[in-house]
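K.L.:
output the structure for:
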Amino acid sequence: MKKFIFWFFTVIQIMLFVSIFILERLFNKYMTINRIILYKNRAWEAELPIDSLLFGGEVILIVLAFLAVSILIIWGVENKSFHFYGQQLLALGIIAGGSAVFISTSSVHTMRTYYFADTCLFVITAIQIVKVLFFKD
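P.N.:
Model (predicted):
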């Protein structure tokens, strides 16, 4: 059962990554999706403090990436091996660090589906944290 849940989370992560690219492609191809996303972007910008939320999320992702890599180094020195738990920590570091880099280098002006992509990347990172914490075996 534990393996099934682990692979289920992995499939969800992959589907979220793919959905980012599919939505960006559909945005550039169909005008209706373009209008819907622009409307949602404007609504979110009016209702939420987007800049401070993105900055806070970026800081959290950088801290998570740093913690994952430092725990990986400490764990690797103690155990002198790089098994399943080490691979999950490395994946967490890469996902969190990559998400932080994406947030800091992209914007709404370069990628209209930016808010959706950021939300998906935060969810992917949260799923990876769950995988690291609960699937150590």
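
K.L.:
and the residue nearest the centre of the protein?
P.N.:
Taking Cα atoms, centre = their mean, the centroid of the chain lies closest to Leu121, which sits 2.3 Å from it.

K.L.:
so the closest residue to it other than its chain neighbours, which of the three states?
P.N.:
Once flanking residues are discounted, Leu121 sits nearest to Ser99: 4.1 Å by Cβ to Cβ, 6 or more residues apart in numbering. In this view, the C-beta of every residue, glycine as well, is placed from N, C-alpha and C. Classification of Ser99 by DSSP: H, G, I helix; E, B strand; the rest coil places it in helix.

K.L.:
which residues touch Ser99?
P.N.:
61, 118, 121-122, 124-125 (Cβ atoms under 8 Å, 6 or more residues apart in numbering).

K.L.:
select only the buried ones of those in ChimeraX?
P.N.:
Selection of buried members from these for ChimeraX, criterion 16 or more other Cβ atoms under 10 Å:
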select :61,118,121,122,124,125
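
K.L.:
now, the contacts of Ser99 that are in helices?
P.N.:
61, 118, 121-122, 124-125 (DSSP state H).

K.L.:
please verify my assumption that the residue nearest to the centre of the chain contacts Ile103.
P.N.:
Yes - applying Cβ atoms under 8 Å as the test, Leu121 and Ile103 come out as touching, 7.5 Å apart.

K.L.:
which phi and psi does Leu48 have?
P.N.:
phi -120, psi 150 (degrees, to the nearest 10).

K.L.:
distance of it relative to Ala91?
P.N.:
As for Leu48, its distance to Ala91 is 30 Å (criterion: Cβ to Cβ, to the nearest Å).

K.L.:
now do Lys2
P.N.:
From Lys2 to Ala91 the distance is 17 Å (Cβ to Cβ).

K.L.:
how about Ile60?
P.N.:
Taken as Cβ to Cβ, the span from Ile60 to Ala91 is 17 Å.

K.L.:
my guess is Leu38 meets Tyr114, correct?
P.N.:
No - contact criterion Cβ under 8 Å: Leu38 and Tyr114 do not qualify, at 11.6 Å.
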